[in-house]
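Colleague: Attaching a predicted model along with its sequence, questions to come.
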Amino acid sequence: MPTLLRRMLFGQPLATARAEHERLPKFLALPIFASDALSSSAYATEEILLALLLAGPAYFHFSVPIAIGITVLMAIVVFSYRQTVLTYTSGGGAYIVARENLGPLPATTAGAALLVDYVLTVAVSIAAGVHALTSTPALAFLEPYAISAGVGFIVLITIANLRGVRESGWLFAFPSYFFLAVMFIMILAGLWRLAEGLPPAIELRQTPEPGIHPLTWFLLLRAFSSGCAALTGIEAISNGVQAFRPPEGRNAAITMIWLGGLLGAIFLGITYLAWRWHELAPQQIVPHAHGGDTIVSQVAATVLGHGPLFYAVQFATAVILILAANTSFAGFPRLAALLAHDLYLPRQLANIGDKLVYDNGIIILAVLSSLMIILFGGSTHALIPLYAVGVFLSFTISQTGMVRRWFRERSPGWWRNAIVNVIGAVATGIVLVVVAITKFMQGAWMVVLVIPALIILLFKIQHHYRSLGRRLSMEGYVTPQPRHNTVLLLAPDVHRGVIPALQYAISISSDVRAVYVEVNPERTARMRAKWQEWGMGVPLVVLESPYRALIDPVLQYIDQVEQERDDDLITVVIPEFVQPGIWEKILHNHSGLMLKFALLFKRNVVVTNVRYWVDK
């Protein structure tokens with residue numbers, strides 16, 4: 001039954017030879033790796049306006065030059081990462097670049113930043129998607145259930161990814177391209193209405209609040225750093241280059257250019273329309289940090305009215321935001337596998353499941369991101385400041401590593417490539433400082449603390465594995481003398497389930513003792529008589545238990561046996577009869593199982609179960 005349920009949820013297993021066929025063409029890789037970056041256009045403008053709203057809606061016109069500056073930065077990052085994917089076709093992004101060019105500390109810093117970023121990306125994307133759904137009048141009643149809905153969406157995306165790469169690619173392809181289509185329809189319709197001088201399609205009901213803060217350079221920088229949320233997810237392609245069809249680097253580079261062009265156009269279009277309709281609409285477009293209509297919802301209503309296209313925009317935005325979490329589900333497990341391969345994370349994270357995906361990494365990401373949704377109440381605005389620091393930290397480390405590579409190798413045309421990456425490193429480094437300062441009190445301080453703590457954990461895990469490797473090494477090892485094996489057979493009674501265990505005990509040692517715990521003294525004489533008849537000459541040791549305990553007397557006797565000889569190895573044989581049904585198991589005690597747990601970490605003790613199957 002468990003196997004059947006697993007196959008229904010996750011599909012049939014895939015052979016290792018199928019790995020090459022699971023590679024992605026560009027048109028499927030775009031929705032898988034770029035959905036996060038594309039979806040950020042749905043809330044990046046809103047974050048800019050929320051910052052400017054502190055000074056009042058009269059300053060919303062600054063949103064356009066801020067958006068242009070962010071788009072220029074976006075172009076720098078895209079072209080810088082294009083160098084990375086063409087050079088490092090095995091994937092890994094910032095972590096691999098830093099590991100090969102800057103050393104362990106920058107590499108683990110980039111890895112820790114990206115791991116945090118991936119977790120927060122899932123939380124932010126899901127929270128924003130649920131907010132987009134509740135911004136639709138027909139679904140506003142779902143707002144009290146936003147947290148439950150967010151966790152539910154994470155579960156669904158987890159199942160989709162556990163089914164395999166290509167299956168998740170087809171699942172996410174249509175919603176991503178549908179989102180692109182409706183966004184461009186909305187933007188083109190809005191530009192056409194502005195060019196024709198047409199009035200808003202519908203009056204907006206939000207009333208702007210007066211400013212509560214003077215417009216300062218710090219506020220403008222805060223708006224800029226908030227809008228830099230539009231750049232999140234751009235690095236995902238560089239982390240998953242090996243998922244592309246050959247030639248991997250070229251296909252990944254082309255996909256990254258597509259991503260940059262599409263994202264820049266949508267982000268600028270939404271920002272421009274939000275500003276122009278704020279200037280022209282009788283009721284102003286105002287962002288909302290908690291509840292209320294999103295900026296995309298307000299722009300769509302102003303341009304398209306509350307007709308079918310409006311609902312198409314809302315539906316497409318909600319779906320792409322929810323599915324944007326898939327970018328992290330594609331990147332986090334691959335990065336975790338690389339870190340595990342280098343001994344920085346538990347080795348289980350490098351295991352590939354029967355669907356040719358890193359299922360342990362997928363499950364861990366789902367758990368961590370669900371916790372973030374719950375802890376922050378599903379608030380997009382509360383979560384965004386947390387992950388901007390990690391994004392730009394990994395950007396800066398990656399581009400610095402590429403500069404180091406070009407100067408070290410000096411391959412043909414290296415100086416042109418170096419210039420591109422120098423510009424990228426300087427630009428993202430400056431933005432990193434701006435984001436850390438302007439967002440520090442809004443929650444970025446948590447990431448500033450978490451990333452160093454995670455780096456320390458990574459190094460401690462690697463130290464453990466290396467230390468264990470040295471202790472397990474065969475170098476200088478001297479084979480020890482054979483040890484005396486004392487076998488203790490637990491005999492709660494004499495029945496058909498005990499005899500096979502007794503035969504097994506006799507077969508592995510000449511020093512075998514049956515151990516009976518005397519809980520009820522009245523039964524001891526009967527036990528001795530039956531053992532005399534069926535015990536095959538093995539002595540029976542009766543352990544008194546005046547307080548009716550089963551485990552403690554056995555543990556004390558094991559300690560006593562250990563003191564008899566210096567070269568003792570003790571094997572505890574536990575007979576176990578197995579019922580064919582499941583429900584019958586609850587009718588019997590499980591003292592043998594409890595004893596196994598008690599002996600789990602005891603030195604020089606081996607525990608063996610001998611099962612006897614009871615047929616109906």
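Modeller: Yep, it's here.
Colleague: Helices along the stretch 201-350 of the chain, start to end?
Modeller: 217-227, 236-239, 248-280, 295-304, 308-323, 325-341 (DSSP state H, counting those that start in this stretch).
Colleague: for those, which one ends up most surrounded?
Modeller: The highest average neighbour count among these, using mean count of other C-beta atoms under 10 Å, belongs to helix 236-239 at a mean of 30. For every residue, glycine as well, the C-beta is placed using N, CA and C.
Colleague: quick revisit: so which of the helices of the stretch 201-350 of the chain comes closest to Asn604?
Modeller: helix 325-341 (31.6 Å; C-beta to C-beta).
Colleague: Just the element for Val63, please.
Modeller: For residue 63 the amino acid is Ser, not Val. If you go by DSSP states H and E, Ser63 is part of helix 63-87.
Colleague: Buried residues of that helix, list them for me.
Modeller: 63-64, 66-67, 70-71, 73-74, 76-87 (16 or more other C-beta atoms under 10 Å).
Colleague: Which stretches in the protein count as strands?
Modeller: 484-490, 511-518, 540-544, 568-578, 605-613 (DSSP state E).
Colleague: and the ones you listed as JSON lines, adding mean pLDDT and distance to Pro333?
Modeller: As requested, the strands of the chain are exported to JSON lines (pLDDT from 0 to 100; distance: least, C-beta to C-beta, whole Å):
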{"stretch": "strand 484-490", "mean pLDDT": "91", "distance to Pro333": "43"}
{"stretch": "strand 511-518", "mean pLDDT": "91", "distance to Pro333": "47"}
{"stretch": "strand 540-544", "mean pLDDT": "90", "distance to Pro333": "50"}
{"stretch": "strand 568-578", "mean pLDDT": "86", "distance to Pro333": "37"}
{"stretch": "strand 605-613", "mean pLDDT": "87", "distance to Pro333": "35"}
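Colleague: Next one: Asp566 from Gly401, what distance?
Modeller: Asp566 sits 56 Å away from Gly401, going by C-beta to C-beta, to the nearest Å.
Colleague: Identify the residues contacting the nearest residue to Val431 once chain neighbours are set aside.
Modeller: Of all residues not flanking Val431 in the chain, Phe392 sits nearest, at 5.2 Å (C-beta to C-beta, 6 or more residues apart in numbering). With contact taken as C-beta atoms under 8 Å, 6 or more residues apart in numbering, Phe392 is in contact with Cys228, Leu231, Thr428, Gly429, Val431, Leu432, Val435.
Colleague: coming back round to it: mean pLDDT for the helices of the stretch 201-350 of the chain: which is lowest?
Modeller: Ranked by mean pLDDT, those end with helix 236-239 at the bottom, a mean of 76.
Colleague: Between the helices of the stretch 201-350 of the chain, which one is closest to Arg163.
Modeller: helix 325-341 (11.4 Å).
Colleague: Does anything pack onto that closest one? Which helices or strands?
Modeller: helix 26-39, helix 93-101, helix 104-134, helix 146-162, helix 165-196, helix 236-239, helix 359-375 (3 or more C-beta pairs under 8 Å, 6 or more residues apart in numbering; DSSP states H and E).
Colleague: Spit out the contact partners of the residue lying closest to Ser226 once chain neighbours are set aside.
Modeller: Closest residue in space to Ser226, ignoring its immediate chain neighbours: Glu47 at 3.8 Å, by C-beta to C-beta, 6+ apart. Counting by C-beta under 8 Å, 6+ apart, Glu47 touches Ala223, Ser226, Gly227, Ala229, Pro287, His381, Ile384.
Colleague: ok, now how distant is the second one from Ala44?
Modeller: According to C-beta to C-beta, Ser226 and Ala44 sit 8 Å apart.
Colleague: Could you do the last one as well?
Modeller: The gap separating Ile384 from Ala44 is 9 Å, by C-beta to C-beta.
Colleague: where do the contact lists of those two overlap?
Modeller: With C-beta under 8 Å, 6+ apart as the test, Ile384 and Ala44 both reach Ser226, Ala229.
Colleague: what about those two, which has more around it?
Modeller: Legend: neighbour count by other C-beta atoms under 10 Å for Ile384 and Ala44, higher for Ile384 (29 against 25).
Colleague: which ones are touching the closest residue to Tyr88 other than its chain neighbours?
Modeller: Leaving aside its chain neighbours, Tyr88 sits nearest to Ile96 (5.4 Å; criterion: C-beta to C-beta, 6+ apart). Neighbour list for Ile96: Tyr88, Ser90, Leu338 [criterion: C-beta under 8 Å, 6+ apart].
Colleague: Nearest spatial neighbour of the most centrally placed residue in the chain, chain-adjacent residues omitted?
Modeller: By C-alpha atoms, centre = their mean, the chain has its centre lying nearest to Leu365, at 2.2 Å. The shortest distance from Leu365 to any non-neighbouring residue, by C-beta to C-beta, 6+ apart, is to Phe332 (4.5 Å).
Colleague: thinking the one you found is in contact with Ile363, fair?
Modeller: No - contact between Phe332 and Ile363 fails when scored by C-beta atoms under 8 Å: they sit 10.7 Å apart.
Colleague: so which of the strands of the chain gets nearest Leu375?
Modeller: The nearest among these, by C-beta to C-beta, is strand 605-613 at 40.7 Å.
Colleague: Quick one: work out the angle between that closest one and strand 568-578.
Modeller: Strand 605-613 and strand 568-578 are oriented at 20 degrees to each other (axes from the mean of the first three to the mean of the last three C-alpha atoms, to 10 degrees).
Colleague: And strand 605-613, what does it pack against?
Modeller: Checked by 3+ C-beta pairs under 8 Å, 6+ apart, strand 605-613 has helix 499-508, strand 568-578, helix 591-598 packed alongside it.
Colleague: who does that strand pair up with?
Modeller: Here strand 605-613 is paired, per DSSP bridges, with strand 568-578 (parallel).
Colleague: List the buried residues of the partner strand.
Modeller: Judged by neighbour count (16+ other C-beta under 10 Å), strand 568-578 contains these buried residues: Asp568, Leu569, Ile570, Thr571, Val572, Val573, Ile574, Pro575, Glu576, Phe577.
Colleague: and of the strands of the chain, who's closest to Phe178?
Modeller: That would be strand 568-578 among the strands of the chain, by C-beta to C-beta, at 53.6 Å.
Colleague: Just the CA atoms of that closest one, as CSV, please.
Modeller: Only the C-alpha atoms of strand 568-578 are listed here, as CSV (Å, rounded to 0.1, in the frame of the first residue of the first chain):
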residue,chain,number,x,y,z
ASP,A,568,34.5,-9.6,25.1
LEU,A,569,32.2,-8.8,22.3
ILE,A,570,28.6,-9.3,23.4
THR,A,571,25.9,-10.2,21.0
VAL,A,572,22.3,-9.8,22.2
VAL,A,573,19.9,-12.0,20.3
ILE,A,574,16.3,-10.9,20.4
PRO,A,575,13.7,-13.4,19.2
GLU,A,576,10.7,-11.8,17.5
PHE,A,577,7.6,-13.3,16.0
VAL,A,578,5.9,-11.4,13.2
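Colleague: now that strand, how far from the centre of its chain.
Modeller: Computed by C-alpha atoms, centre = their mean, to the nearest Å, the chain-centroid distance of strand 568-578 equals 41 Å.
Colleague: any idea of the angle it forms with strand 484-490?
Modeller: Using the same axes, to 10 degrees, strand 568-578 lies at 30 degrees relative to strand 484-490.
Colleague: coming back round to it: now render the helices and strands packed on strand 605-613 as TSV, adding distance to Leu30.
Modeller: Below are the helices and strands packed on strand 605-613 laid out as TSV (distance: least, C-beta to C-beta, whole Å):
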stretch	distance to Leu30
helix 499-508	60
strand 568-578	52
helix 591-598	50
